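S.K.: Pasting a predicted model and its sequence here:
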Amino acid sequence: MKNVFEIAENCLHHSTIDELLARTHQAWHWAESGQLSYTSKSNPLPINKVIFPQKPTLLTPKDMPKRKFGTPEGIAAFFHAIAHVEFIAIYLAWDILYRFRNLPDGFYQDWLRIADEEAQHFELIRIHLKSFGLHYGDLPAHNGLWDHATDTADNLLARLAMVPRCMEARGLDVTPAIINKFKHHGDEASVTLLTRILTDEVGHVERGSYWFKYVCSQQNVEPEAKYRELIDKYYLGGKPKGPFNREMRIIAGFSDAELDWLENGNL
C-alpha cells in the first residue's frame with residue numbers, strides 16, 4: 001500500500017512541475033483503486049520547508065504590472081495569473097491533507113480528488129497559454145494564496161475558512177461575469193475552459209464547507225459564529241467585499257446567515 005502522507009511530502013518538497021502533476025494524478029488513481037493508506041507514520045515538515053519552482057518570479061500584489069484586460073497582452077496576463085492560482089491550488093490541496101492528521105479517510109480522499117482536479121485545470125490553462133505564445137513562469141505572479149496557507153498552518157478551521165470558504169469562494173462570485181465577457185467576444189475556447197474550472201470550484205468550496213462544519217461539530221463550536229470569528233481574525237481588511245454570488249455559494253455550503261453577514265454585517 002502507498003502512503004498518502006509520504007506522497008504528499010514528495011509533492012510538496014521534492015517535485016518539479018511535471019513531477020507534481022504526474023504524482024498527483026497517480027495518487028488519485030491509487031485512491032480510486034483502494035491502493036492508498038491514510039495512516040500517519042511521522043509528523044509533517046514545517047510549512048516553510050515547502051519548495052516551489054524558481055519561476056514564476058513572485059511579487060507583492062501592489063508590485064504586479066498593470067495590464068488592461070481588453071488587450072491581447074492583458075488577456076494573456078489574465079490566463080497566466082489563473083494558471084498560477086490553479087498551480088498554487090494543487091499545493092494547497094496537498095498541504096491541507098499533509099498537515100492535518102487523524103481525520104476520517106474521506107477527508108484525505110476529498111482533498112486528493114481536489115488536487116487532481118486542480119492539476120487538470122493547470123494543465124488545460126498551460127495548453128491555452130501556448131495560444132498566446134506564453135509558458136507558465138514567463139510572467140511574474142503574486143503569492144497571496146499561499147500566504148493564507150502559511151498563516152493557518154496550525155489551525156485546520158482557519159485553513160478551511162480562509163482557503164476554500166474565502167479565497168476560492170471568491171471565484172464563484174467573479175468568474176461568471178468574466179465568462180460573459182469572453183462570450184461577448186466570441187472566445188469559445190476561453191469560455192469552455194473557465195466554465196470547467198468554475199463548475200469544479202463549486203464542488204471544492206462545498207467540500208470546504210462540509211469539513212468546516214464537521215470539524216466545528218467535533219470541537220463543539222457553532223459554525224456560523226466560528227466562520228465570522230476566523231474571517232475577522234485572518235482576512236486583511238475585516239471581510240471580503242461583494243457582490244457575492246448567493247446562488248452558487250448556497251450550493252457550495254454557505255448558509256443564508258453567513259451570506260447576510262458578508263453582505264450586510266448581520267449574523
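M.R.: Arrived safely.
S.K.: chain center to the lengthiest helix in the chain, what's the gap?
M.R.: Ordering each helix of the chain by length in residues (DSSP state H) puts helix 188-219 first. Distance of helix 188-219 from the chain centroid (Cα atoms, centre = their mean, to the nearest Å) equals 9 Å.
S.K.: for stretch 59-77, same thing?
M.R.: Between the mean C-alpha point of stretch 59-77 and the mean C-alpha point of its chain there is a distance of 21 Å (Cα atoms, centre = their mean).
S.K.: Mean confidence (pLDDT) on that stretch, please.
M.R.: Mean pLDDT, stretch 59-77: 82.
S.K.: and what of stretch 193-204?
M.R.: For stretch 193-204, the mean per-residue pLDDT is 98.
S.K.: right, and the helix or strand after the strand or helix carrying Arg228?
M.R.: Assessed by DSSP states H and E, Arg228 sits inside helix 223-234. From helix 223-234 onward toward the C-terminus, using DSSP H and E, the following helix or strand is helix 246-251.
S.K.: what residues are up against Gly238?
M.R.: With contact taken as Cβ atoms under 8 Å, 6 or more residues apart in numbering, Gly238 is in contact with Ile231, Asp232. (Each C-beta comes from the backbone N, C-alpha and C, glycine too.)
S.K.: How confident was the prediction at it?
M.R.: pLDDT for Gly238: 75.
S.K.: Kindly report the same for Asp110.
M.R.: In the prediction, the pLDDT value recorded for Asp110 is 98.
S.K.: and it, how many residues sit next to it?
M.R.: When counting by other Cβ atoms under 10 Å, one arrives at 21 neighbours for Asp110.
S.K.: And what about the most centrally placed residue in the chain, helix, strand or coil?
M.R.: With distances taken as Cα atoms, centre = their mean, the residue of the chain nearest its centroid is Ala89 (3.8 Å). Taking DSSP: H, G, I helix; E, B strand; the rest coil as the rule, one finds Ala89 in the helix state.
S.K.: List the contacts of it.
M.R.: Applying Cβ under 8 Å, 6+ apart to Ala89 gives the contacts Ile114, Glu118, His121, Phe122, Leu145, Glu168.
S.K.: Among those, which are located in helices?
M.R.: Cross-referencing the contacts of Ala89 with the helices (criterion: DSSP H) gives Ile114, Glu118, His121, Phe122, Leu145 as the overlap.
S.K.: what ranges do the helices span in the stretch 51-200 of the chain?
M.R.: According to DSSP state H, counting those that start in this stretch, the stretch 51-200 of the chain carries its helices in the segments 72-99, 105-130, 144-151, 156-162, 169-184, 188-219.
S.K.: what inclination does the first one have with respect to helix 169-184?
M.R.: The one in question is helix 72-99. In terms of direction (axes from the mean of the first three to the mean of the last three Cα atoms, to 10 degrees), helix 72-99 departs from helix 169-184 by 150 degrees.
S.K.: buried set for helix 72-99?
M.R.: Under the neighbour-count criterion of 16 or more other Cβ atoms under 10 Å, helix 72-99 has 75-77, 79-99 buried.
S.K.: Off-centre distance for that helix?
M.R.: Here helix 72-99 is found 8 Å from its chain centre; the criterion is Cα atoms, centre = their mean.
S.K.: Please convert the ones in helices among the contacts of Ala89 to CSV, extending it with neighbour count.
M.R.: Compiled in CSV, those are given as follows (neighbours: other Cβ atoms under 10 Å):
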residue, neighbour count
Ile114, 26
Glu118, 27
His121, 23
Phe122, 25
Leu145, 19
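S.K.: Point out the least confident member of the residues you listed, please.
M.R.: Lowest-confidence member of those: Leu145, scoring 88 (pLDDT).
S.K.: How about that residue, nearest residue that isn't a chain neighbour?
M.R.: Using Cβ to Cβ, 6 or more residues apart in numbering and skipping the chain neighbours, the partner closest in space to Leu145 is Ile88 (4.7 Å).
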